[in-house]
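> need a 3D model of the sequence below.
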Amino acid sequence: MRVIDQARLWFREGTSDKVYEVDLVEVATGQCVVNFRFGRRGGPLKDGTKTSLPVPLDKARGIFGKLVDEKLAGGYQHAAAAAAPRPAATPAPVPAASAPPAGEAARLVGYLRQGSRSSEPIGRVVWRVTDLDLREAEPALLELLGSAFVPRKLVADQWKHMLVTALARCGSPAALPALEAVIADLRSPVHLRDIARLAIARIDPARGRALGTAMLPPQVKALFERGDAQALARTAEELLDTNITHARATAVGLYLINDAVARPAVLAMARVARLSNAEAQVVRVFFRLAETRRDGELYALVARRIDAYGGVRKPFAPQTRQYLRRRVARVLRRLGRAASPDYVTMASSILLGYDDEDAVQVKTGLFRHTYDQFAPFHAFNQILYTHSTRYEKGHHKHSFWITQRGYRPGGPAPHAREEAHPELWDRAPNALWELLLKSGTTPVIELATRALRANAAFTQTLRDEQLAHVLATGHPLAQRFAYDVARGRPLSIALARGALASDVADAHAWVLGWIDAHPDETLADADLLALIITGKTAQIREAALRLVRSRPLSDAIAKSAAARSLAILLGLADTPANVERATGAVAVILRVLEVLRDIGPDVLRDLVMHPLAPLGELAGELILRHSRRDSLPGELIEAMLMSPHASVRLLGGRILATTPPEIAKDDLEALVLFSTSGNAELREATRTLIAEVARRYPDVGRALADRLVDALLHTQPPGAPAHVVSLLRAELAAVLPKKSPQAIMKLVGALSPHARDAGGLLLPQLGPDDLGLDDIARLASHESRAIREGAWALARASVARYRLAPVALAKLVDSAWDDTRAWAIAFIRNDVGGDKLGADAIITICDSIRPEVQDLGKSLLHEQFKEADAGRYLVRLAEHPSTNLQLLVSGLLDRYATDVEKLAILRPYLATVLSQVNRGRVAKERVIALLRREAAKSAEAAAVLAPLLDRQSATMAVTQKHPLIATMVDVHHLYPDVPLPISVIPPKGVA
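Residues are numbered from 1 along each chain as shown. Have a look, this model is predicted:
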């Protein structure tokens, strides 16, 4: 196995500080893999691979290069531009805290041995011994732990807790039996046994690991032994919800082990454990253990969470939180007074837990006290401002800090150092440098820069790459400090890169002078050239333009500089200053445009989608001049036409207008994308292009039309379906696709109205025998006009079938749509022919309730009437509710109603006519005449008509009542046996 190539990348923005490492590894001859690692700087890195199986070297190089370019485009930079802080000459190691004077050590041990006879409070003596890590005190501490002595004002468990904590800091293997006895005593409080275990882990890590492993629940222990840190962290978090007892044991056990596998789970539990319920006990455990071990990272994490919590109830009520805030500050004070090297470690971790975003609003309280932006953070202020002339501690209980008289928030910071224990910071300049690199808080940067200025010997050991990193990515105060250190050195390429990336105007001028004097060196460095091209000021960009114009660039340098320039531009935010910066940079990049003729579509897409308009314009220019323009995805043009910037949309339209049909025809996907785009401008801009492609390349046009028809069956952006239908009606009308009858009917029956319109356009493709006549009639009444028109075409092709089954015409003509009715009436008269319709077809047409259809039926009845069909017309139309048809039927009564059987059939019709109110006068007169005539012919006829006469004689209408009563009188005289509701009474006086 051999590493062929490596890339070390970094990314820093705000509080984000990440690394990304890529390796090209040969695992066998000619077979390679591409592996990567990523994570936070200084933390554990996660592993991954881009090649699950080995691939040839050439392919692996391509994968390697693509991955590196992707990360560079995303804002990462090569680690060479900002290597991790590593001085060329190793600085002097941080000296350990000076041992306490022999006199103090002896005095403290003496107090311990005196016990209750000590003239000093024994509790404070134990604290001091603990802070000093005084090994000489171990025998006395063990003696006190084994005795029954308990100082006044303390309970036994508190006293033992103090002693065991002291042994955790001062103990040796000699203390192990006593500590194990504390653990074995089940009467001891659980927190005391936890501290005893931690003391053993500090004295004998192997024994501590065994104790920690024994505390783990089985499922946690299995994951730990497997070495699966991620699964272990997840399981530990889940235990907080499911089993708090196991969660607490897991927290203590993993913290005792505290290796690379256990540590992520410890931090995960500390981050997610809630402070409002039983999970708070896990937070308390971590707080105590981290304080004892002086674990700055965990202690700061837990302290910051407690400080930020806003609950009002136990277990972390306001008074508890205020006490713990004061406790954190007290622990730091004790460490500082003891000159402990752990002070800087703990204080640095506390400071790194804050950011400028944590600042609160400046306000004035009681007694006109002013509270600055970081006033609520007690330990933070104590570290920074113990010796300050600007701030002082206010109320003891709340521990807020206030401004001193004469200082107003926002005023200039003094040059004098303000922090607590500056001598301890001077012993640890590397910690100050780390604060400068990692902190995002202005007061912390002020501390670091002031202290580092006082440590010139250390700053002289910093490499140019380290200073360049701070210049490029640091806080403005840190950038100024780095420039002040760097300007006393000869300007190197690394410093030039950092200075150009900074916001320090003096640094820019410093580099510009060097560039004018060293043009060849500048043009040989692609990173430096990219920083000049994308310079933050117009002067820097003008210098780049002068360089590009005056000297030719090699292809390799030009490509590399252009790629890096694009990566820088893509990382810019949308601000007015960056718009100007991007505009100037694009003007320079266009000077080296030839090297970007092969730029990938992913980069072009990122440029188009960027909120800065100049980058979208650059993408358009690159597309116009691309060496493989015909192979670029069509979505790029769509993205340009959807841009919020008019200049980018205009350029997108220009690209479309200049696309030759012979190129467009080869990218069917792009044509489909254009036609179904949600951008109306894009759809309209490509209409002419699509028409030309369809005209010159019918097969391509037909394939496009086929895809568009299918697309209508799926959800499309608003406006796109209507546009597709308009294309099918116009530009693609000559190349409509051939579809099966089933596919066409699926379109016709679709929920989408546009899909139904497309189905109507394709209906003429069906043959006359593909659909039944009833189906044609149903389509002719469809809500889509296109479908109705298609149905008309099918009907016209089915004339012969309609002549064989003319009854089907009634359904065709009886449509709810005016255009279909008008067409069908003309079709019946001109194509089918009225003489081809029989009585049944005419009767069916007359059965319609639509006046124009009834008129057609009556007209056909008069034109095609045959005496032999009179009875059929009369019987079939007798029940029609229309008075017009009732009148027509009444004209046939004399020809048909001539016997008793037919009268019985017509009786409902006769009753209907006579029951009409204020209409049908002529028909009524004809019916009454029929009744009078037929009732007088025979007793059988009179018996059939008698019920009708009886019913209708009750009418109020005089014109009907009189003749009906007269008819009943006549029938009564002729056929007395026919029952009628009438009797003839002779007039009085008549013999």
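
> for Arg629, see how far away the spatially most central residue of the chain is.
Closest to where the C-alpha atoms of the chain average out (Cα atoms, centre = their mean) is Met609, at 15.8 Å. Distance, Met609 to Arg629, by Cβ to Cβ, to the nearest Å: 19 Å. In this view, the C-beta of every residue, glycine as well, is placed from N, C-alpha and C.

> rewinding a little: find the residue closest to the residue nearest to the centre of the chain in space, skipping its chain neighbours.
Ala639 (6.2 Å; Cβ to Cβ, 6 or more residues apart in numbering).

> quick one, what contacts that neighbour?
Going by Cβ atoms under 8 Å, 6 or more residues apart in numbering, Ala639 touches 605, 608-609.

> out of those residues, who's nearest Ala685?
Val608 (15.8 Å; Cβ to Cβ).

> now do the buried residues in the longest helix seen in the chain.
Identified as the longest helix of the chain according to DSSP state H is helix 318-337. Neighbour-count burial for helix 318-337 flags 320-322, 324-329, 331-336 (criterion: 16 or more other Cβ atoms under 10 Å).

> how is the chain partitioned into domains?
Domain ranges of the chain: 2-73, 107-351, per automatic domain parsing.

> buried deepest among those domains, which one?
For those, average neighbour numbers computed from mean count of other Cβ atoms under 10 Å are highest in domain 107-351, which has a mean of 19.

> how far is it from where the chain is centred?
Taking Cα atoms, centre = their mean, to the nearest Å, the mean C-alpha location of domain 107-351 is offset from the chain mean by 43 Å.

> next SSE after the longest helix of the chain?
Counting by DSSP states H and E, the next helix or strand C-terminal to helix 318-337 is helix 342-352.

> so which residues make contact with that next one?
So helix 342-352 is contacted by 94, 294, 296-297, 299-300, 303-304, 328, 331-332, 335-336, 379-380, 383-384, 420-421, 424-425, 427-428, 431, 434-435, 438-439, 441, 444, 447 (Cβ under 8 Å, 6+ apart).

> shouldn't His369 be in contact with Ile402?
Yes: between His369 and Ile402 there is a contact under Cβ atoms under 8 Å: 4.4 Å.

> for the buried residues of helix 318-337, which one is nearest Val693?
Set against Val693, the nearest of the buried residues of helix 318-337 by Cβ to Cβ is Arg321 (72.0 Å).

> grab the nearest non-local neighbour of the closest one.
Arg321 sits nearest to Ile306 (Cβ to Cβ, 6+ apart), 5.7 Å away.

> and the helices in the stretch 301-450 of the chain?
Remark: helices assigned in the stretch 301-450 of the chain by DSSP state H, counting those that start in this stretch are 318-337, 342-352, 378-385, 422-427, 429-438, 442-453.

> same question for the stretch 601-750 of the chain.
601-609, 613-624, 635-641, 646-657, 661-664, 668-675, 680-685, 687-696, 698-711, 720-729, 741-748.

> would you list the ones you listed in a markdown table and tack on mean pLDDT?
Listed next are these as a markdown table, based on pLDDT from 0 to 100:
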| stretch | mean pLDDT |
| --- | --- |
| helix 601-609 | 87 |
| helix 613-624 | 85 |
| helix 635-641 | 77 |
| helix 646-657 | 75 |
| helix 661-664 | 79 |
| helix 668-675 | 83 |
| helix 680-685 | 78 |
| helix 687-696 | 87 |
| helix 698-711 | 90 |
| helix 720-729 | 90 |
| helix 741-748 | 82 |
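
> can you redo these as TSV with distance to Val283?
TSV is the format used below for the helices of the stretch 601-750 of the chain (distance: least, Cβ to Cβ, whole Å):
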stretch	distance to Val283
helix 601-609	43
helix 613-624	47
helix 635-641	49
helix 646-657	52
helix 661-664	65
helix 668-675	54
helix 680-685	56
helix 687-696	66
helix 698-711	57
helix 720-729	55
helix 741-748	63
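
> who wins for proximity to Tyr407 among those?
Among these, if distance is taken as Cβ to Cβ, the winner is helix 613-624, at 44.8 Å.
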